[in-house]
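Engineer: Give me coordinates for this.
(one chain, ligands or ions: 2)
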Amino acid sequence: MTSKVEMISVVIPTLNEAGNILEAITTIYEDLAYPKEIIVVDGNSTDGTKEIVQELGYCRLIVEPRRGYGLALKTGMKNAKGNIIIMVDGDGTYEVRHINRMIAKMIEEDADMVLATRMYDPKKAMGIMNFVGNKVITFFFDFIYSQFLSDTQSGFRAISHEAIDNVELNEGDMAFATEMLIKFAKEGYSMIEVPTTYKARKYGRPKLRRFKSGIEIFSTIFKWSLDADTIRKREAAWKKTRAK
Ligand SMILES: Nc1nc2c(ncn2[C@@H]2O[C@H](COP(=O)(O)OP(=O)(O)OP(=O)(O)O)[C@@H](O)[C@H]2O)c(=O)[nH]1
Ligand SMILES: [Mg+2]
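Structural biologist: Ligands and ions are numbered 1, 2, ... in the order given. Okay, here's the model as predicted:
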């Protein structure tokens with residue numbers, strides 16, 4: 001439950017995002033209408049990303065030399081002081097102006113997590129492979145964990161700091177985002193979505209390795225699905241659907 005904003009910690013993982021990071025950070029700095037801190041967790045970029053962040057002066061730069069999207073986010077979150085954590089990529093693909101909208105929804109609904117969903121983007125800018133992969137993953141996740149999300153692979157989320165501290169997250173790479181949803185579902189934390197738009201990458205290459213990440217994400221989904229509590233909840237959800 002998140003009923004008020006004390007401070008927002010924005011955590012941004014970066015690995016060679018020199019052409020994207022400046023716009024993301026300055027937009028957040030200017031637009032975010034709450035007390036805030038911006039934490040960039042950089043994987044020792046070699047393209048000048050760190051220098052750009054340092055020069056701005058108002059961001060906290062943490063260098064996390066170990067590889068992995070999940071590890072970077074975990075390190076950032078460990079250092080966050082706000083009662084709400086925003087996680088967002090530093091690659092310019094998310095509309096960071098929508099943070100205010102996510103926070104408003106979080107408070108209004110007393111939610112533990114708000115995800116920005118890219119599935120209702122009128123321009124349908126997401127690549128077909130990512131779109132289909134995301135849909136399949138999301139179908140299995142929703143079905144197994146009795147949720148109603150549309151974009152489980154969204155890396156743009158507002159999260160209750162208290163809730164995230166209460167779950168154990170072990171995945172070091174892209175499956176981290178899915179593991180977080182699974183653990184939240186298991187704890188009974190509320191997760192809702194607000195629509196956002198998707199922008200194609202303008203600079204640099206994706207670090208996502210589709211095949212490797214796909215396998216890791218599916219193993220994570222199935223690994224946590226077989227305990228008695230999850231099976232009981234799923235059964236109850238089926239019965240409820242059948243009774244309608
Ligand atoms: N610190 C750190 N950041 C990383 C690492 N891998 C990815 N990132 C960052 O995490 C964010 C997500 O990675 P992306 O490469 O954009 O993955 P994606 O969003 O699936 O791919 P796109 O379709 O290109 O957006 C980006 O801001 C990356 O720079 C890493 O090992 N360390
Ligand atoms: Mg990205």
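Engineer: buried ones in stretch 201-221?
Structural biologist: Along stretch 201-221, these residues count as buried under the neighbour rule (16 or more other CB atoms under 10 Å): Gly204, Lys207, Ser213, Gly214, Glu216, Ile217, Phe218, Thr220, Ile221. For glycine as for every other residue, the C-beta is placed from the backbone atoms N, C-alpha and C.
Engineer: ok, now stretch 58-71?
Structural biologist: When neighbours are counted by 16+ other CB under 10 Å, the buried residues of stretch 58-71 are found to be Cys59, Arg60, Leu61, Ile62, Glu64, Gly68, Tyr69, Gly70, Leu71.
Engineer: picking up where we left off before, using a markdown table, please lay out the buried residues of stretch 201-221 together with secondary structure, distance to ligand 1 and pLDDT.
Structural biologist: As requested, these are exported to a markdown table (DSSP: H, G, I helix; E, B strand; the rest coil; distance: CB to the nearest ligand atom, whole Å; pLDDT from 0 to 100):
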| residue | secondary structure | distance to ligand 1 | pLDDT |
| --- | --- | --- | --- |
| Gly204 | coil | 8 | 89 |
| Lys207 | coil | 3 | 74 |
| Ser213 | helix | 8 | 93 |
| Gly214 | helix | 11 | 94 |
| Glu216 | helix | 13 | 96 |
| Ile217 | helix | 11 | 97 |
| Phe218 | helix | 16 | 96 |
| Thr220 | helix | 16 | 96 |
| Ile221 | helix | 17 | 96 |
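Engineer: Look through this structure and tell me its longest helix.
Structural biologist: Taking DSSP state H as the criterion, the chain has its longest helix at helix 128-145.
Engineer: Would it count as contacting ligand 2?
Structural biologist: No - legend: contact between helix 128-145 and ligand 2 by CB under 5 Å from the ion is lacking; minimum distance shown is 9.4 Å.
Engineer: I'd like the average pLDDT over that helix.
Structural biologist: Summarised as a single mean, pLDDT over helix 128-145 is 95.
Engineer: circling back to that earlier point, pull the most distant pair out of the buried residues of stretch 201-221.
Structural biologist: Gly204 and Ile221 (28.7 Å; CB to CB).
Engineer: Tell me the secondary structure at the residue nearest the centre of the chain.
Structural biologist: Relative to the mean C-alpha position of the chain, the nearest C-alpha, by CA atoms, centre = their mean, is the one of Gly155, at 3.1 Å. Per DSSP: H, G, I helix; E, B strand; the rest coil, the secondary structure class of Gly155 is coil.
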